[in-house]
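# Predicted model and sequence below, questions to follow.
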Amino acid sequence: LAQEAEAPPAKQKPVRDPNKGAVTNLPLPRYVSLKGREGNVRRGPGMTHRIDWVFTTSGMPLRITAEYDRWRRVEDYQGMGGWMQFNLLSGVRTVLVTQDMAEFRDSPDAGARVAFQAELGVIGRLLECNADWCRVNTDGEKGWILKSALWGVDPGEILE
């Protein structure tokens with residue numbers, strides 16, 4: 001009697017972590033900024049896909065939600081987005097002020113002196129964040145602002 005050979009176990013593909021980018025293995029979602037003065041946003045990850053719109057604000061914070069080859073799916077503070085080539089994006093962290101006449105203070109304390117105010121939509125460079133406050137540079141002026149008045153940083157995110 002011929003014995004049936006036992007089939008070798010099927011090789012399983014390692015399960016990809018959905019919280020990490022398929023290309024970079026960096027966390028998803030994560031924040032970046034627009035590198036130049038403009039960047040085409042396409043319907044899909046490739047030059048053959050239609051351009052849906054163009055981001056035109058240098059330094060604008062964007063959230064990466066997916067990766068494919070040299071493409072990143074991004075969205076802005078309104079949730080609008082699509083696919084952009086990775087070389088149009090910068091790892092420099094910026095934030096968008098989401099309150100009108102937001103108050104920037106001398107220290108991360110609601111009782112601290114107001115150093116300056118910024119209008120809704122102002123973009124600043126993120127310098128550091130604790131649990132509730134971020135230190136931001138807007139046009140050379142530096143101050144602490146409540147994290148809840150910003151888009152481009154997650155609520156629990158700490159940056160040193």
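Nice, thanks for sending it over.
# how about low-confidence regions in this protein?
Counting by pLDDT under 70, the chain shows low-confidence ranges at 1-14.
# what residue is smack in the middle of it?
Nearest residue to the geometric centre of the chain (C-alpha atoms, centre = their mean): residue 31, 1.5 Å.
# Does it touch residue 152 like I think?
Yes. Shown here, residue 31 and residue 152 form a contact pair, counting by C-beta atoms under 8 Å, at 5.2 Å. (Glycine included, C-beta is placed from N, CA and C.)
# So in that sheet, which strands flank whichever strand or helix holds the residue nearest to the centre of the chain, and in what orientation?
Secondary structure assignment for residue 31, by DSSP states H and E: strand 30-34. In the sheet, strand 30-34 lines up against strand 61-68 (antiparallel), strand 89-90 (antiparallel) (DSSP bridges).
# Of those, flag the one that's most buried.
Comparing those by mean neighbour count (mean count of other C-beta atoms under 10 Å), strand 61-68 ranks first with a mean of 20.
# so how far is that strand off the chain centroid?
6 Å (C-alpha atoms, centre = their mean, to the nearest Å).
# Same question for stretch 57-68.
Centre-to-centre, stretch 57-68 and its host chain are 5 Å apart (C-alpha atoms, centre = their mean).
# contacting residues around it?
By C-beta atoms under 8 Å, 6 or more residues apart in numbering, the residues outside stretch 57-68 that reach it are 21-24, 28-37, 45, 55, 72-77, 81, 83-84, 89, 92-96, 123, 125, 151-152.
# Just the buried residues of those residues.
Among those, the ones that count as buried by 16 or more other C-beta atoms under 10 Å are 21, 28, 30-35, 45, 55, 72-74, 76-77, 81, 83-84, 89, 93-96, 123, 125, 151-152.
# Point out the ones among those that are inside strands.
Of these, the ones assigned to strands by DSSP state E are 30-34, 55, 72-74, 81, 83-84, 89, 94-96, 123, 125, 151.
# Near residue 40, how many other residues are there?
If you count neighbours by other C-beta atoms under 10 Å, residue 40 ends up with 17.
# before we move on, the earlier item: need the residues touching each of residue 31 and residue 152.
61, 63, 93.
# Show the contacting residues for the closest residue to the first one other than its chain neighbours.
By that I understand residue 61. Residue nearest to residue 61 in three dimensions, not counting chain neighbours: residue 152, with 3.4 Å by C-beta to C-beta, 6 or more residues apart in numbering. Shown in contact with residue 152 (C-beta under 8 Å, 6+ apart): 31, 61, 63, 77, 93-96, 126.
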